[in-house]
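Student: predicted structure and sequence below. I'll ask about it afterward.
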Amino acid sequence: MALSPLAGKPAPKEMLIDPEQLIREYYVRKPDPAEPAQQISFGTSGHRGSPLTGSFNEAHILAIAQAICDYRRRHGISGPLYMGRDTHAVSGPAQRTALEVLAANGVETVIQGGNGVTPTPAISRVILAHNRGRTDRLADGIVITPSHNPPEDGGFKYNPTNGGPADSEVTNWIQERANALLRVGNADTKRVPFVAAIGSATTYEDDFIAPYVDDLRNVVDMEAIHAARLKLGVDPLGGAAVHYWEPINAAYKLDIAVVNPQVDPTFSFMTVDHDGKIRMDCSSPYAMARLVGLKDQYQVAFANDTDADRHGIVTPSAGLLNPNHYLAVAIRYLLRHRSGWSAAAAVGKTLVSSSLIDRVVAGLGRALWEVPVGFKWFVPGLSDGSVCFGGEESAGASFLRMDGMVWTTDKDGLIMNLLAAEITARTGKDPGEHYRDLTAEFGTPFYSRIDAPATPEQKARLGKLSADAVRASTLAGEPIVAKITRAPSNGAPIGGLKVSARSGWFAARPSGTENIYKIYAESFKDEHHLEAIVTEAQEIVRKSLEDR
C-alpha cells in the first residue's frame, strides 16, 4: 500500500469527524440484518464497525447486550459485570444502551464513577480480583472500544469470568444469538429507559483507578523507577489511560509528564497514519510522530491506544521501538529479573511475532508457547501461571505478578510502558540499547507486514489451506524447512499458512473485515532478502490457492 502524503503530519480539519452526526447515526440508522456487512460479527477483539456504514448502531448493541445476558443465565454467571469504555465518540452512547439492557435483565453492573473511561486491563484485573478464591457469584465484563481504530468506529467486546478475551466458542454463541435478536428487530430484547437503568438498584458506580494503581507495585518494580529519578513522558493518545498517569505519579512519586492530556472525540491532535487515516496506533511511527519528536527530552517515553491494551515505547537511542523488538527485550529482562516465577513457565508468542523471541527464549533455556493470532490463546496459561508472558506482534502483552500469580488475562499497555522504565532504572540502559545487545548476539531481524488483495472466495480458501497445498521447495534461495497451518504449541488452526526457511519465514492470513490477506515476513539477512521473501510469499499463496 502506497504511503499517504499526509502520513506523520497533523490531521487536517477536513478529515475530522462530526461527533454529533456520528451519534445521530448511531441512534437513527437501522442496520439491514440480511446484509452481511451490517450483521454482528465478533472478530479477535469483539464486534467493530461504524454508525456511518450501518455496522455499529444502537440495534447492534441492544442485541449483543441481550445475548450476553442470555449467555450469563445459561452458564450461571450471577456476580457483577464490570463495564468500561474508551473515548471514541460512540462509546458513551453504546454504554448507555448496554446499561438499559443490563438493568432490564437484573444484571448487577459496575461502571467507573463520574461517567469516566476505563482501560481494558483495569477491567480484566478487577474481574480476576473479584473472582479470586470464589466458586460462585463470579464476575465478568464488557469493554466498549474499537481499540486503535479511526474515530468514526465503535467496538464492543466481552470478557468472561477468566478476565480475558472471550474464546471462539463463547463469541460464536453470542454472535449467533445477537444476530437472531437483530433479525426480529430486537423484539425479544429487554430494555428500560436510561434514567431507570442508571438509577437501578443493580447499577453501581465505583472507582477502578485507585485499586489498579495501588496494585501496580505487585507487577512492576515501582520503587526502582522512583529511586532512579527517571524523567519520563507519556502520550495517552486521547484514550482511556489519560486519568491514570497522575494517580500513578502521586502514588509512587514518579516524574511522568503527560505530554498530551487532551481528550477529543475527533482526535484532532493526532498525526495521520500511513494510509491517510486517523488511527490511535501506538506502534505506528506516523501516528506517534509527535512523541517520537520528543524522544531526546525523556529517558523513556511511551503511549497507549485508546483502551490502553497496547503499548508504544520511545527511547533516545532508538526512537519508536518496533513492537517485536521491545517484546524480545522485555522477555529477556523479565526472565532474568523475576525470581518469583516458575522456571517451568513458558513464554507465549503469536506465530507471526519475531523469531528473535524464539532465539532469546532458547538462549535462556526456557520453553516457548507459540499460538495463533489472538490474545485469547494465552488466557489459560496466564491464569494458572504455566505461561509467564504472553505477547503479540501488534504491541499487546501482559505478564505475571512478581510472585508468579496472574495479573491480567488481557493485554496491558500500562505495565508494558512502566516495564520500559523499570528496565532503564535497574540496568542503566534503555530498551533501545538492550535491543542492540540482542542483535549483536542473535542477529538483526528485518520484519514486514503488508496487505495483498483477495476475493472473499480466495480468503475462504486461504483460511482452510493444508500444508500439502504448498508446492514450493525453497523460499528466497533457501530450502523450506517447515510448512504449517496449525500452531506448534497447541495444534489450533492458524487460519492461514506459515512457511519457514533457515534465515526467514512468512505467514499469510485472510482479513476478517476487508478483501485482503495479510502477509507477515521476517529475514535475518537483510532488507533485500526480506523483499524476496515477501515477493515469493505472494506467488506461493497464489499458486496454492489456484491448485485447490
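Tutor: Ah, there it is. Numbering: from 1, shown residues only.
Student: only C-alpha atoms for contact and neighbour calcs from this point on.
Tutor: Will do.
Student: buried residues, the host helix or strand of His226. List them.
Tutor: For His226, the host element (DSSP states H and E) is helix 222-228. In terms of neighbour count (16 or more other Cα atoms under 10 Å), helix 222-228 has its buried residues at Met222, Ala224, Ile225, His226.
Student: do stretch 27-37 as well
Tutor: Buried residues in stretch 27-37, counting neighbours by 16+ other Cα under 10 Å, are found at Tyr27, Arg29, Lys30, Pro31, Pro33.
Student: out of those residues, which are inside helices?
Tutor: Tyr27 (DSSP state H).
Student: what's the closest of the buried residues of stretch 27-37 to Pro193?
Tutor: Tyr27 (14.2 Å; Cα to Cα).
Student: and the closest one, how far from Asn179?
Tutor: Tyr27 is 18 Å from Asn179, where distance means Cα to Cα, to the nearest Å.
Student: which of the buried residues of helix 222-228 sits closest to Met405?
Tutor: Nearest to Met405 among the buried residues of helix 222-228 is Met222, at 17.8 Å by Cα to Cα.
Student: can you pull the pLDDT of the closest residue to the closest one other than its chain neighbours?
Tutor: When the adjacent residues along the chain are set aside, Met222 lies closest to Tyr252, with 6.7 Å between them (Cα to Cα, 6 or more residues apart in numbering). Looking at Tyr252, its pLDDT reads 98.
Student: now stretch 237-246: buried residues?
Tutor: Leu237, Gly238, Gly239, Ala240, Ala241, Val242, His243, Tyr244, Trp245.
Student: for stretch 396-407, same thing?
Tutor: Gly396, Ala397, Ser398, Phe399, Leu400, Arg401, Met402, Gly404, Met405, Val406, Trp407.
Student: just stretch 472-484 next, same as before
Tutor: Buried residues in stretch 472-484, defined by neighbour count with 16+ other Cα under 10 Å: Leu475, Ala476, Ile480, Lys483, Ile484.
Student: with stretch 195-204 instead?
Tutor: Within stretch 195-204, the residues that count as buried by 16+ other Cα under 10 Å are Ala197, Ile198, Ser200, Thr202, Thr203, Tyr204.
Student: all helices for the stretch 301-450 of the chain, in order.
Tutor: Taking DSSP state H, counting those that start in this stretch to define them, one finds helices in the stretch 301-450 of the chain at 323-337, 355-363, 379-384, 413-427, 431-442.
Student: tell me if Ala472 really is in a strand.
Tutor: No - using DSSP: H, G, I helix; E, B strand; the rest coil, the assignment for Ala472 is coil, not a strand.
Student: rewinding a little: so which pair among the buried residues of stretch 472-484 is furthest apart in space?
Tutor: Ala476 and Ile484 (17.8 Å).
Student: for the stretch 1-150 of the chain, which segments count as helices?
Tutor: With DSSP H, counting those that start in this stretch as the criterion, the stretch 1-150 of the chain has helices spanning 19-28, 58-74, 91-104, 120-131.
Student: ok, the stretch 151-300 of the chain next?
Tutor: Assigned by DSSP H, counting those that start in this stretch, the helices in the stretch 151-300 of the chain fall at 168-183, 194-198, 209-215, 222-228, 245-252, 289-292.
Student: pick the most buried one from those helices.
Tutor: Comparing those by mean neighbour count (mean count of other Cα atoms under 10 Å), helix 289-292 comes out on top with a mean of 21.
Student: just checking, what packs against that helix?
Tutor: With contacts defined as 3 or more Cα pairs under 8 Å, 6 or more residues apart in numbering; DSSP states H and E, helix 289-292 has no packing partner among the helices and strands.
Student: does the residue nearest to Met222 touch Arg229 like I think?
Tutor: No - Tyr252 is beyond contact range of Arg229, at 11.1 Å (criterion: Cα atoms under 8 Å).
Student: CA-only coordinates of stretch 410-429 in PDB, if you can.
Tutor: Extracted in PDB, the C-alpha atoms of stretch 410-429 (Å, rounded to 0.1, in the frame of the first residue of the first chain):
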ATOM      1  CA  ASP A 410      -6.000  -9.300  28.700                       C
ATOM      2  CA  LYS A 411      -3.300  -7.100  27.200                       C
ATOM      3  CA  ASP A 412      -2.000  -4.400  29.500                       C
ATOM      4  CA  GLY A 413      -0.200  -1.500  27.800                       C
ATOM      5  CA  LEU A 414       0.400   0.400  31.000                       C
ATOM      6  CA  ILE A 415       2.500  -2.300  32.600                       C
ATOM      7  CA  MET A 416       4.500  -2.700  29.400                       C
ATOM      8  CA  ASN A 417       5.200   1.100  29.500                       C
ATOM      9  CA  LEU A 418       6.200   1.000  33.100                       C
ATOM     10  CA  LEU A 419       8.400  -2.000  32.500                       C
ATOM     11  CA  ALA A 420      10.400   0.000  30.000                       C
ATOM     12  CA  ALA A 421      11.000   2.500  32.800                       C
ATOM     13  CA  GLU A 422      11.900  -0.400  35.200                       C
ATOM     14  CA  ILE A 423      14.400  -1.800  32.700                       C
ATOM     15  CA  THR A 424      16.100   1.600  32.300                       C
ATOM     16  CA  ALA A 425      16.100   2.100  36.100                       C
ATOM     17  CA  ARG A 426      17.600  -1.200  37.000                       C
ATOM     18  CA  THR A 427      20.100  -1.700  34.200                       C
ATOM     19  CA  GLY A 428      21.100   1.900  33.300                       C
ATOM     20  CA  LYS A 429      20.300   1.200  29.700                       C
END
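Student: where are the low-confidence patches of this protein?
Tutor: Within the chain, the segments meeting pLDDT under 70 span 1, 512-514, 547-548.
Student: returning to what we had before: which residues does the residue nearest to Met222 contact?
Tutor: Met222, Glu223, His226 (Cα atoms under 8 Å, 6 or more residues apart in numbering).
Student: which one of the helices of the stretch 151-300 of the chain lies closest to Leu52?
Tutor: In this view, these are compared for proximity to Leu52 by Cα to Cα, and helix 168-183 is the closest at 18.0 Å.
Student: which residues sit against the closest one?
Tutor: Here helix 168-183 makes contact (Cα under 8 Å, 6+ apart) with 33-34, 39-42, 46, 59-60, 63-64, 66-68, 71, 187-189.
Student: show me which of those are buried.
Tutor: Here, 16+ other Cα under 10 Å leaves 33, 39-42, 46, 59-60, 63-64, 66-68, 71, 189 buried among the contacts of helix 168-183.
Student: which one of these is nearest to Val379?
Tutor: Closest to Val379, out of all of these and judged by Cα to Cα, is Gly46, at 15.8 Å.
Student: list the contacts for the nearest residue to that closest one once chain neighbours are set aside?
Tutor: Among residues not flanking Gly46 along the chain, Lys157 sits closest, at 4.2 Å (Cα to Cα, 6+ apart). By Cα under 8 Å, 6+ apart, the residues touching Lys157 are Ser45, Gly46, His47, Ile142, Val143, Ile144, Thr145, Pro165.
Student: backbone dihedrals for the closest residue to Tyr286 other than its chain neighbours, please?
Tutor: Nearest non-adjacent residue to Tyr286, counting by Cα to Cα, 6+ apart: Gly8, 4.0 Å away. The phi and psi values for Gly8, taken as degrees, to the nearest 10, are phi 80, psi 0.
Student: distance of Gly8 relative to Ser55?
Tutor: To Ser55, Gly8 is 29 Å away according to Cα to Cα.
Student: out of those two, which sits in the busier spot?
Tutor: Ranked by neighbour count (other Cα atoms under 10 Å), Gly8 and Ser55 place Ser55 first, with 28 against 20.
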